[in-house]
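[1] predicted coordinates and the sequence they were generated for:
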Amino acid sequence: MTHTITAPRLVARAATVALWAVGSAYLLRHEWQAASPDWVVLCATPVVWGVILALPVLSTYARHDRMWLATALLWLAAIMGSVYTLNATIGRQAGARDAAVQSATVIEQQRAALTVALDAEKLRRQDALNRCGTGRACHESTRSLLGMHQLEIERLERQIAGLTVATPQAGEQRVAALLSLVFGIEPTFAADLVALLAPCLLGLTLELSAFAAAMYGWHPGAAPVQPVRQHLPALAKPEIVANVAANVAPHPVIDALIRAGRPLTNGELARMMNCCDGEATKRRREVSHVVNTRRAGRHVLVSL
């Protein structure tokens, strides 16, 4: 069977490889960042991910060959493997998101505490300035106290400036606001819905896109099959045909094959005998002990 690999199928195969690499790198990164990375998991992750992508493709080939039990088992393994990897991806994504939100909360609390301390230090510096008054010379101790307050204020300002305020939920808040505005959803419910679904988006995108690209790129029936007649040269009439015709009562199938001088598909045989495909199959089976039948891709070839 000859397949023509079209440009879309090549793109689908390249996309499958790219998604496999991205998914493996994502899973490996989180395992590598663990306190004690498991080398067995690190080595097995790309292999397992690749096998899971191949399972749906193998199931289509098994179905094409009418191996129904193998088809069912391959699909079951594909679903279980997909659930496993999807759960791992969602878990890591959700964990990273929760950690970012918690870190942002801690930073915001630290900034608030430092701001309160800064305001208190500015009040103490102002109190020291008030002690000097207008037109009065400050005592040495007061000037020293003002210097200490100024140094403390500068230190607190540097600490506040060094704390970058992270906003990991900014995108989620905007999406929730958009959903609330467009669909009239309660803002609180929209925010909870987006927060629940956001960690799942990457995992779902990787899983569904990789499966779809793999199944299209390697599907057994996706490529066109060139006509068999272009690859089978016409065969000369064998000498044994006369003996067969002499020993066997004339039969429409034998007559059609002799006239054609080459193997015929079931459809061609039906046209040679001016009947439907079903009748051609029935007549062919009547002389199955005389003719040779073999499968070439999606076609059944009949020859003497």
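    That came through, no problem.
[2] residues near residue 55, how many?
    The burial count assigned to residue 55 is 20, neighbours taken as other CB atoms under 10 Å. (Each C-beta comes from the backbone N, C-alpha and C, glycine too.)
[3] what residues are up against it?
    Residues in contact with residue 55 (CB atoms under 8 Å, 6 or more residues apart in numbering) are 74, 75, 77, 78, 81.
[4] without its sequence neighbours, what residue ends up closest to it?
    Sequence neighbours aside, residue 78 is the residue nearest to residue 55 in space, at 3.7 Å (criterion: CB to CB, 6 or more residues apart in numbering).
[5] hang on, isn't the one you found packed against residue 56?
    Yes - contact criterion CB atoms under 8 Å: residue 78 and residue 56 qualify, at 5.0 Å.
[6] name the helices or strands packed onto the helix or strand residue 69 falls within?
    For residue 69, the enclosing helix or strand under DSSP states H and E is helix 68-132. With contacts taken as 3 or more CB pairs under 8 Å, 6 or more residues apart in numbering; DSSP states H and E, helix 68-132 sits against helix 7-32, helix 39-64, helix 140-162, helix 200-217.
[7] among these, which is nearest residue 180?
    In terms of CB to CB, the element of those nearest to residue 180 is helix 200-217, at 18.9 Å.
[8] mind listing what's buried in that closest one?
    202, 203, 206, 207, 209, 210, 211, 213, 214, 215, 216, 217 (16 or more other CB atoms under 10 Å).
[9] and which of those is nearest residue 5?
    residue 217 (8.9 Å).
[10] and the nearest residue to the closest one once chain neighbours are set aside, how far from residue 26?
    Excluding the flanking residues, the one nearest residue 217 by CB to CB, 6+ apart is residue 12, at 3.5 Å. Distance check for residue 12 against residue 26: by CB to CB, to the nearest Å, it reads 21 Å.
[11] same question for residue 85.
    10 Å.
[12] so the two - more neighbours on which side?
    More crowded of residue 85 and residue 26, by other CB under 10 Å: residue 85, with 21 against 18.
[13] state the pLDDT value of the more buried one.
    Residue 85 is assigned 77 on the pLDDT scale.
[14] OK, contacts around residue 210?
    16, 19, 20, 23, 53.
[15] same thing with residue 122?
    Counted by CB under 8 Å, 6+ apart, residue 122 has contacts residue 153.
[16] now residue 266
    By CB under 8 Å, 6+ apart, the contact set of residue 266 is 277, 280, 281, 284, 299, 300, 302.
[17] of the helices and strands packed on helix 68-132, which is nearest residue 126?
    Between those, helix 140-162 lies closest to residue 126; by CB to CB that is 8.8 Å.
[18] how far off centre is the closest one?
    The gap between where helix 140-162 is centred and where its chain is centred comes out at 56 Å by CA atoms, centre = their mean, to the nearest Å.
[19] now the helices and strands packed on helix 68-132 in a markdown table, please, with extra columns for distance to residue 288 and mean pLDDT.
    What follows is the helices and strands packed on helix 68-132, written out as a markdown table (distance: least, CB to CB, whole Å; pLDDT from 0 to 100):
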| stretch | distance to residue 288 | mean pLDDT |
| --- | --- | --- |
| helix 7-32 | 38 | 85 |
| helix 39-64 | 24 | 86 |
| helix 140-162 | 87 | 85 |
| helix 200-217 | 37 | 83 |
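[20] out of these, which gets nearest to residue 268?
    helix 39-64 (22.9 Å).
[21] between the closest one and helix 200-217, how many degrees?
    50 degrees (axes from the mean of the first three to the mean of the last three CA atoms, to 10 degrees).
[22] how big is the angle separating helix 39-64 from helix 7-32?
    Using the same axes, to 10 degrees: helix 39-64 against helix 7-32 is 150 degrees.
[23] tell me the angle of helix 39-64 relative to helix 68-132?
    140 degrees.
[24] quick check: buried residues in helix 39-64?
    Buried, per 16+ other CB under 10 Å, within helix 39-64: 45-46, 48-50, 52-63.
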